[in-house]
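Visitor: test case, fold it:
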Amino acid sequence: MPRRARKYLKELPYHIVQRGNNREACFIEEENYRFYLELWEKIARQKGVAVHAWCLMTNHIHFLLTPQDETGISETLKMVGSRYAQYINKKYKRTGTMWEGRHRSSLVQEGKYLLSCYRYIELNPVRANMVQRPEEYVWSSYGVNGWGDESWITPHVEYSALGQTTEERCHAYRSLFKYQISEEDLHLFRKAAHYSQPVGDDRFRKQIEEKYGIKFGNMGRGRPRKQVDALVNK
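Guide: Numbers count the residues shown, from 1 in each chain. This is a model prediction of the structure:
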């Protein structure tokens, strides 16, 4: 029996993480990255999913998204993942699954948490020691958000509020990257992604639980911090 599409709260932002099966490479050459992004541009638009930030790492992907309905994110990931796997299998004459189980998702509180999520996503290549500065990595949205490169992605209202013009917004956004993400925030994003829990303060979690009748439970109960970071590092 096929799995039901995971339900999302419409018009609220989510951080999405999906890894390659057995953490093997998802992208082998430049053409792969371009094809994958073309799929996202087309299918996200079809499904009413706004993409705010993204980063394609060698063996996993990060996206910051806002859906217009409950199933848009799940349907987009399913269609993109399936078509991309078909493309890779045909091109490289391989078989088998492409992705490691279901994607991970974290509801993100707007405000400082949302802008921190932008940074968390686009600083992945820096933390992985692939580049020294985020603008050196071409397979992320930093060029769009930090320098105003032309793109199909949609700025979140929190990003748009950084300035009245593109130049002002980009300058303010780049200023956020002068500072490293704190170890506390790194752990929060990693743990939230691993357990598919919200990123936000206790008041935010309580408000979401009361408004939508959702019970999140305890995040990471019983697992030491170092073990969680080892499991979901980067």
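Visitor: now the helices for this protein?
Guide: 30-46, 72-92, 112-122, 124-127, 142-147, 157-160, 166-176, 183-195, 202-212, 225-232 (DSSP state H).
Visitor: now do the fifth one: distance to the chain's middle.
Guide: Here helix 142-147 is found 16 Å from its chain centre; the criterion is CA atoms, centre = their mean, to the nearest Å.
Visitor: what residues of it count as buried?
Guide: 142-146 (16 or more other CB atoms under 10 Å). Placement of C-beta: from N, CA and C, glycine included.
Visitor: do you know the pLDDT at the residue sitting nearest the centre point of the chain?
Guide: What sits nearest the mean C-alpha location of the chain, by CA atoms, centre = their mean, is F63, with 2.4 Å. With respect to pLDDT, F63 has a value of 98.
Visitor: right, and it touches A50 too?
Guide: No - counting by CB atoms under 8 Å, A50 is not a contact partner of F63; they are 10.5 Å apart.
Visitor: remind me which residues of this structure are low pLDDT?
Guide: In the predicted model of the chain, residues 1-6, 217-234 satisfy pLDDT under 70.
Visitor: repeat that for 90
Guide: 1-7, 22-23, 94-98, 100-102, 179-180, 194-196, 213-234 (pLDDT under 90).
Visitor: what's near enough to touch K47?
Guide: 67, 72-73, 75-76, 79 (CB atoms under 8 Å, 6 or more residues apart in numbering).
Visitor: bridge partners for the residue nearest to the centre of the chain, pull those for me.
Guide: I16, W54 (DSSP bridges).
Visitor: list the contacts for it?
Guide: So F63 contacts 15-16, 40, 51, 53-54, 121 (CB under 8 Å, 6+ apart).
Visitor: give me that answer again for 10 Å
Guide: 14-18, 40, 44, 49, 51-56, 73, 76-77, 80, 103, 105, 121, 141, 153 (CB atoms under 10 Å, 6 or more residues apart in numbering).
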